[in-house]
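Student: Need a 3D model of the sequence below.
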Amino acid sequence: MNVDITEGLYSGSEVCALVGITYRQLDYWQRTGHITCDHHRGGSGNPRKWTHIEVTRLKAMVAAVEEARATLAAFSTGELWRSTEPQGEPT
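Tutor: Residues are numbered from 1 along each chain as shown. Here you go, the predicted model:
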């Protein structure tokens, strides 16, 4: 019986399509230690294979980055400050 150990795993291009990032971003996050790929034999030429749990973690990271960007944009435009200012004259 021949068992495919890569069954249930995702390639880098599949992960990028699922998560909505570029392969360059995925590679950067792995090289800098933000995400780990447990199914990688190391070296160039050996493809990384990602588990469902790792893809879920990546989705959470992407959501956190998008939220941070939105918050920074709100601060830079002053939108966040205007929304927290008291309305009307103090009594």
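
Student: residues in contact with His52?
Tutor: 8, 10 (C-beta atoms under 8 Å, 6 or more residues apart in numbering). No exception for glycine: its C-beta is placed from N, CA and C like everyone else's.

Student: The strand or helix carrying Tyr28 - contacts with which helices or strands?
Tutor: Following DSSP states H and E, one finds Tyr28 within helix 23-31. Secondary-structure packing of helix 23-31 (3 or more C-beta pairs under 8 Å, 6 or more residues apart in numbering; DSSP states H and E): helix 12-19, helix 52-77.

Student: ok, and which of the ones you listed has the densest surroundings?
Tutor: Among the helices and strands packed on helix 23-31, helix 12-19 has the highest mean neighbour count (mean count of other C-beta atoms under 10 Å), at a mean of 16.

Student: Could I get the average pLDDT for that helix?
Tutor: Across helix 12-19, pLDDT averages out at 94.

Student: One more: stretch 39-57?
Tutor: For stretch 39-57, the mean per-residue pLDDT is 80.

Student: May I have the distance across it, first residue to last?
Tutor: Using C-alpha to C-alpha, to the nearest Å, one end of stretch 39-57 lies 15 Å from the other.

Student: before we move on, back to that, got the helices and strands packed on helix 23-31 as JSON lines, with distance to Cys37 columns?
Tutor: Output for the helices and strands packed on helix 23-31, formatted as JSON lines (distance: least, C-beta to C-beta, whole Å):
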{"stretch": "helix 12-19", "distance to Cys37": "9"}
{"stretch": "helix 52-77", "distance to Cys37": "6"}
